[in-house]
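> coordinates only, sequence not included:
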């Protein structure tokens with residue numbers, strides 16, 4: 001929490017706002033990882049999910065939360081994302097994070113299949129304590145759109161401490177690169193535009209390292 005003390009005054013400012021959220025949309029410039037995924041039978045969505053969550057976990061600002069009125073730093077992320085179920089309705093997949101890419105993707109795919117098959121809405125935080133529920137980062141993908149912006153539903157803006165990340169349809173390949181429309185919503189007491197820039201840079205670096 002040492003790093004947080006350097007921005008506590010920013011947090012104290014923004015926590016007074018009715019809506020302290022910052023919402024930025026951008027285009028991720030990434031190495032085209034689709035040939036790598038195709039050669040190894042890895043779903044590109046789950047590969048990018050791995051890059052996003054492992055990158056976010058390495059940046060303190062995306063790990064700060066509010067618990068019982070105090071700022072905490074979570075120890076790790078509970079991976080989850082939205083899916084469309086058999087009735088074409090929203091559902092949630094949730095699974096345990098891990099550092100190994102293949103194990104992460106296997107768990108992610110399995111959780112997605114469960115959520116797709118379930119007509120009932122799955123509570124990704126079921127059975128978790130209030131403290132454990134702080135470990136989430138909300139992830140959604142809208143592969144049908146060249147996403148320009150998104151506003152996520154918020155139960156109470158002042159208490160919205162969990163980041164929401166979304167991306168849209170992958171761009172066409174070009175010169176070994178790909179563009180991904182990307183959006184980050186987070187508490188401005190924790191996250192500035194610079195930290196979103198850091199996240200984008202880390203995601204690109206992570207993808208490049210994996211496919212090298």
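Arrived safely, thanks for sending. Source: prediction; values computed, not measured.

> now for the worst-scoring helix or strand of the chain on mean pLDDT, which elements pack on it?
For the chain, scoring each helix and strand by mean pLDDT, DSSP states H and E identifies helix 2-5 as the least confident one, at a mean of 91. For helix 2-5, the packing partners by 3 or more CB pairs under 8 Å, 6 or more residues apart in numbering; DSSP states H and E come out as none at all, with no helix or strand in contact. Backbone N, C-alpha and C define where each C-beta goes, glycine included.

> That one: which residues count as buried?
Neighbour counts over helix 2-5 (16 or more other CB atoms under 10 Å) mark residue 4 as buried.

> what does stretch 77-88 give?
Buried positions in stretch 77-88, judged by neighbour count with 16+ other CB under 10 Å: 77, 78, 79, 80, 81, 82, 83, 85.

> what's the first-to-last distance across that stretch?
Between the opening and closing residues of stretch 77-88 there is a gap of 27 Å (CA to CA, to the nearest Å).

> what pLDDT, on average, does that stretch get?
Confidence for stretch 77-88, expressed as mean pLDDT, is 97.

> try stretch 187-205
If you average the pLDDT values across stretch 187-205, you get 98.

> Can you name the residues in contact with it?
Contacts of stretch 187-205 from elsewhere in the structure, counted by CB atoms under 8 Å, 6 or more residues apart in numbering, are 7, 10-15, 17, 20-22, 24, 26, 28-31, 48, 51-52, 55-56, 58-59, 61-62, 64, 66, 160-161, 163, 182, 184, 186.

> Could you tell me which of those residues belong to strands?
21-22, 24, 26, 28-31, 64, 66, 182, 184, 186 (DSSP state E).

> from the residues you listed, which two are the most distant?
By the measure CB to CB, 31 and 66 form the most distant pair in these, at 35.7 Å.

> Got a quick PyMOL command for the buried subset of the contacts of stretch 187-205?
To isolate the buried members of the contacts of stretch 187-205 in PyMOL, using 16+ other CB under 10 Å:
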select buried, resi 7+11+14+15+20+21+22+24+28+30+31+48+51+52+55+56+61+62+64+66+160+161+163+182+184+186
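
> quick one on the thing from earlier: tabulate the buried residues of stretch 77-88 (a markdown table), appending distance to residue 125 and secondary structure.
Conversion of the buried residues of stretch 77-88 to a markdown table gives the following (distance: CB to CB, whole Å; DSSP: H, G, I helix; E, B strand; the rest coil):
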| residue | distance to residue 125 | secondary structure |
| --- | --- | --- |
| 77 | 13 | coil |
| 78 | 8 | strand |
| 79 | 13 | strand |
| 80 | 9 | strand |
| 81 | 14 | strand |
| 82 | 14 | strand |
| 83 | 16 | strand |
| 85 | 18 | coil |
